[in-house]
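> take a look and give me a structure for this.
(2 chains)
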2 protein chains.
Amino acid sequence: MSNNSINPERLLGRLTELGNIGRDGGGQLVRLAATDSEKLGRDKFVSWIEQAGLELAVDRIGNIFGIWKPIGVADEAPLMLGSHIDTVINAGIYDGCYGVLSGLEVIETLLEAGFEPSRPIVVAAFTNEEGVRYAPDMMGSLVYAGGLDVEIALATVGTDGSALGSELQRIGYDGKHEPGFMRPHAYIELHIEQGPVLEREGVQIGAVENLQGISWQRVTIEGDANHAGTTPISMRRDAGYVAARVIIFLRDRAKNSNTPTVATVGCMEFQPNAINVIPSRAAFTVDLRDPDESRLRQEEAALASFLEELEQQEGVSIKVERLARFEPVQFDRNIVEMIEGAAKSGGHSCRRMTSGAGHDAQMIARIAPAAMIFVPSIGGISHNPRENTPDADLIAGANMLLDVVRQLTAKAR
Amino acid sequence: MSNNSINPERLLGRLTELGNIGRDGGGQLVRLAATDSEKLGRDKFVSWIEQAGLELAVDRIGNIFGIWKPIGVADEAPLMLGSHIDTVINAGIYDGCYGVLSGLEVIETLLEAGFEPSRPIVVAAFTNEEGVRYAPDMMGSLVYAGGLDVEIALATVGTDGSALGSELQRIGYDGKHEPGFMRPHAYIELHIEQGPVLEREGVQIGAVENLQGISWQRVTIEGDANHAGTTPISMRRDAGYVAARVIIFLRDRAKNSNTPTVATVGCMEFQPNAINVIPSRAAFTVDLRDPDESRLRQEEAALASFLEELEQQEGVSIKVERLARFEPVQFDRNIVEMIEGAAKSGGHSCRRMTSGAGHDAQMIARIAPAAMIFVPSIGGISHNPRENTPDADLIAGANMLLDVVRQLTAKAR
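Numbers count the residues shown, from 1 in each chain, chains lettered A, B, ... in the order given. Okay, here's the model as predicted:
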């Protein structure tokens, strides 16, 4: 029996096909969680699950599962592979989709090869991993792992005022299964690095041993709307100016430290947002990440005390709301070593690394041994239409996944 | 005949009545130019013009005129009084409306007193003075003075995508008269200071002798959308960070100079505006003002060269668009002295001053001798619901206007 390679044409073809679903008028890829355009992506994935002859299951938070349940081992805890198919605004085609479609590809390859696994193998697409429309991100896997009550998650109100629950119902993905209904034997997520490390070092496979902690906050600054022409600088309580001070503060701290800490202000809104009125309100988000929990806490504390300073100095009032907070995650050593071994025997260069991005794997790691495999991102670019990975690396990564899956589901001889 | 005082109850009552027109759901006063809510304000003003028995005229740019044209002097160039009744978002009730309603009040007072002016007296409400919905601001008076072609002005597309011309038609204020159809003998605008000077010095009347130059620009910074978690600070092209640098630069320059220069960033927009994506674009407005033209040019040049620096340093591309530019204006010395004299004989403290805000008077000054009268703004607050002026000062200001109007329209004996 030959099951040493997945079918490259099928995998790459599906990546392109799914990547063309959810393009807006300007040709930008926008498949935000539980929107009409994401429904089209979900429908396509479901059609491939059914083509492959897998059992389809959808849970209450809209996570989609394609289950290979061979007779005789149906009651064993399944090996789960997966990621997500929702995207950011103006996204690339690999983030998430690569892991989902590779999981499906691996299962089909094993099926076609007549492989007899020692346990069910499942491919999962988790809801709202990006968190662009609904916070927190990685919501589907968080709920699946029991970290967030499904009712609370379904009641989440999005940036557009919609409730996730009613949107899932509207697009027909409010499933019947309780999140967590299958407790995985193990979970493996294949993903593009979304960073520059592998490419810069010329390494083809990343064996991801841990993952950065993430802190998301919303900061709202209340100042005083006033006439832009007649109010002396000394008398201003300018919320927009104070917001700018915070952006500079975060950048300077991250830049001047020798740590991997990163800080990003991605969302910003001024009120009244009029050209001749001093902003009375500035609301913005802060995304802080660090693989070290104590350092992440330090950064949060430094921001908090700087905001207090600014309240004093500028006579504004500042409100901080926590949107999401995840501690750094350690992945399963055995699986990480298995990935390294697979790379070696496949003749691929490999290094252990930290994930800079949040992934569903960090949630599933709460209920099962988990790890991730990374492949290079050209220029480290992601969350951008120029997101790209050489085909050879995409194929190599999927074959590493195939190899590890075979080992984790091999029958004792 | 007694015409030494306007009717305080009528003036204050109308200010309150007009101030209650155009409140939104939250009770905020929002009468942006040519909107449905501004139409209601226009209709109310027109009803008062008709009550007073004045001739109503509306020109093609929507400027409203109430004309007192006594027999015998109908062909003389009219003395024009006025201001505007459009507002900013969440505005106070005095900005503009005080000048318009005081002009009407002065005419009615003189009518009731049987006064026989040597020329027609007109009260004007000019369209889109605030410029919040359509740029440039002071558009109605600019067009009236011949500084902007009426067709171009009517074609202006607003922040909401609407065209001013079709909006004026929709609300029924697309008048038939050509802008500039009456060339004023002189123009006087009574206004709240919108700044802290008069209150701080305990002076009741400001004789405004000149007006700041105004420079409005839109700056658009193009960087690179990228993943917030995996992109090292050194590899970022963060448009939001660059925008913050500009805000800080403008503030620091204005603060550290000993000049009256003021700089404001009132509008700000990030794209894609997602919490976990580095902003690829930041677009914002810059409002620069200075009573000295050479200094205003210096500030514009300093900003331009700083933006060039940032392009180099941060690897972003920056586009600058000029939205509006007005040189400082000198008002008519004779009228300014007349205002001082009126204050003196009325027993009111008075000082000459510079207007920090733009006003319709600066446009009409192009075609007629013009000046302004200021009354104190409590706390210097304007463009804000807390905008306020003591009743005594409002009445005193209107009576100064009455006195000056009497002098400018007195018949030779």
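
> which residues does the nearest residue to A:Ile93 once chain neighbours are set aside contact?
Once its chain neighbours are removed from consideration, A:Ile93 has its nearest residue in A:Gly19; the separation is 2.9 Å (C-beta to C-beta, 6 or more residues apart in numbering or on different chains). Where you see a C-beta, it was placed from the backbone N, CA and C, and this is true even at glycine. A:Gly19 makes contact with A:Leu29, A:Gly92, A:Ile93, A:Tyr94, A:Cys97, according to C-beta atoms under 8 Å, 6 or more residues apart in numbering or on different chains.

> pretty sure the third one contacts A:Thr16?
Yes: when contacts are counted by C-beta atoms under 8 Å, A:Ile93 is listed as touching A:Thr16 (7.1 Å).

> what is the neighbour count of A:Asp238?
Taking other C-beta atoms under 10 Å in any protein chain shown as the criterion, the count of residues near A:Asp238 is 28.

> show me the contacts for it.
Counting by C-beta under 8 Å, 6+ apart, A:Asp238 makes contact with A:Gly223, A:Asp224, A:Ile278, A:Pro279, A:Glu314, B:Arg251, B:Thr264.

> one more time with 7 Å
With contacts taken as C-beta atoms under 7 Å, 6 or more residues apart in numbering or on different chains, A:Asp238 has the following neighbours: A:Gly223, A:Ile278, A:Pro279.

> what about the second one, distance to chain B?
As defined by C-beta to the nearest C-beta, to the nearest Å, A:Ile278 lies at a distance of 6 Å from chain B.

> okay, A:Ile61: pLDDT?
The predicted structure scores A:Ile61 at 98 on the pLDDT scale.

> what's the longest helix seen in chain A packed up against?
Here the longest helix in chain A is taken by residue count, with DSSP state H as the criterion, and it is helix A:293-314. When contacts are defined as 3 or more C-beta pairs under 7 Å, 6 or more residues apart in numbering or on different chains; DSSP states H and E, helix A:293-314 sits against strand A:213-222, helix A:239-256, strand A:281-290, strand A:317-326.

> same list (those) but as CSV, adding mean neighbour count, mean pLDDT and distance to chain B.
Formatted as CSV, the helices and strands packed on helix A:293-314 follow (neighbours: other C-beta atoms under 10 Å in any protein chain shown; pLDDT from 0 to 100; distance: least, C-beta to the nearest C-beta, whole Å):
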stretch, mean neighbour count, mean pLDDT, distance to chain B
strand A:213-222, 21, 96, 6
helix A:239-256, 21, 97, 4
strand A:281-290, 24, 97, 4
strand A:317-326, 15, 94, 7
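
> re earlier: which one's more surrounded, A:Ile93 and A:Thr16?
For A:Ile93 versus A:Thr16, the count of surrounding residues by other C-beta under 10 Å is larger for A:Ile93: 20 against 10.

> so what does A:Ile192 have for phi and psi?
Backbone torsions of A:Ile192, given as degrees, to the nearest 10, read phi -70, psi 150.

> which residues touch it?
For A:Ile192, the set of contacting residues under the criterion of C-beta under 7 Å, 6+ apart consists of A:Tyr94, A:Asp95, A:Tyr98, A:Val375, A:Ser377, A:Ser382, A:Thr389.

> measure the most centrally placed residue in chain A to A:Ala396 for me?
Central residue check for chain A by C-alpha atoms, centre = their mean: the C-alpha nearest the mean position is that of A:His359, 4.1 Å away. Between A:His359 and A:Ala396 the distance is 20 Å, computed by C-beta to C-beta, to the nearest Å.

> who does A:Ile221 form a beta bridge with?
Beta-bridge pairing of A:Ile221, defined through DSSP bridges, involves A:Ala282, A:Ile318.

> hang on, it packs against A:Ala239?
Yes: with contacts defined as C-beta atoms under 7 Å, A:Ile221 counts as touching A:Ala239 at a distance of 4.3 Å.

> between these two, what contacts are shared?
Shared contacts of A:Ile221 and A:Ala239, defined by C-beta under 7 Å, 6+ apart, comprise A:Arg281, A:Ala282, A:Val316.

> can I assume the last one is in contact with A:Val219?
Think A:Val316. No: using C-beta under 7 Å, A:Val316 is not in contact with A:Val219; the gap is 11.0 Å.

> joint contacts of the two?
Taking C-beta under 7 Å, 6+ apart as the criterion, A:Val316 and A:Val219 do not both touch any residue.

> near chain B, which residues of the stretch 301-413 of chain A show up?
Within reach of chain B by C-beta under 7 Å from any C-beta of the partner chain, the stretch 301-413 of chain A has these residues: A:Gly356, A:Ala357, A:Gly358, A:Gly380, A:Ile381, A:Ser382, A:His383, A:Asn384.

> let's see that with 6 Å instead.
Taking C-beta under 6 Å from any C-beta of the partner chain as the contact definition, the stretch 301-413 of chain A meets chain B at A:Gly356, A:Ala357, A:Ser382, A:His383, A:Asn384.

> any idea how far A:Ala225 is from the first one?
With the distance defined as C-beta to C-beta, A:Gly356 ends up 39 Å from A:Ala225.

> so between the two, which is more surrounded?
Relative neighbour count places A:Ala225 above the other of A:Gly356 and A:Ala225, with 29 against 26, counting by other C-beta under 10 Å.

> please name the nearest non-neighbouring residue to that one.
The spatial neighbour of A:Ala225 that comes closest, neighbours along the chain excluded (C-beta to C-beta, 6+ apart), is A:Ser280 at 3.6 Å.

> name all residues that make contact with that neighbour.
The contact partners of A:Ser280, taken as C-beta atoms under 6 Å, 6 or more residues apart in numbering or on different chains, are A:Gly223, A:Asp224, A:Ala225, A:Ala239, A:Gln271.

> for those, give me CSV that also has distance to B:Ala135.
Output for the contacts of A:Ser280, formatted as CSV (distance: C-beta to C-beta, whole Å):
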residue, distance to B:Ala135
A:Gly223, 24
A:Asp224, 24
A:Ala225, 19
A:Ala239, 23
A:Gln271, 19
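
> out of the contacts of A:Gly19, who has the most neighbours?
Counting by other C-beta under 10 Å, A:Cys97 has the largest number of neighbours within these, with 27 neighbours.

> which residues does it contact?
Under the criterion of C-beta under 6 Å, 6+ apart, the contact partners of A:Cys97 comprise A:Leu18, A:Ile85.

> apply 10 Å and report the result again.
Contacts for A:Cys97 (C-beta atoms under 10 Å, 6 or more residues apart in numbering or on different chains) come out as A:14-15, A:18-19, A:21, A:31, A:41, A:45, A:83-87, A:91, A:125, A:191-192.

> separation between the residue nearest to A:Ile247 when sequence neighbours are not counted and A:Arg245?
With sequence-adjacent residues excluded and distances taken as C-beta to C-beta, 6+ apart, A:Ile247 is closest to B:Ala244, at 3.8 Å. Noted for B:Ala244: a distance of 8 Å to A:Arg245, by C-beta to C-beta.

> and chain B, is stretch A:21-29 touching that?
Yes: interface with chain B: stretch A:21-29 contributes A:Gln28 (C-beta under 10 Å from any C-beta of the partner chain).

> just the C-alpha atoms of that stretch, please, in PDB.
As requested, C-alpha coordinates have been extracted for stretch A:21-29 and formatted as PDB (Å, rounded to 0.1, in the frame of the first residue of the first chain):
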ATOM      1  CA  ILE A  21     -15.100  32.200  -2.400                       C
ATOM      2  CA  GLY A  22     -16.100  35.400  -0.500                       C
ATOM      3  CA  ARG A  23     -14.500  38.000  -2.800                       C
ATOM      4  CA  ASP A  24     -16.000  41.400  -2.500                       C
ATOM      5  CA  GLY A  25     -16.600  43.900  -5.400                       C
ATOM      6  CA  GLY A  26     -13.000  45.000  -5.300                       C
ATOM      7  CA  GLY A  27     -11.800  41.400  -5.400                       C
ATOM      8  CA  GLN A  28     -10.800  41.400  -1.700                       C
ATOM      9  CA  LEU A  29     -11.200  38.100   0.200                       C
END
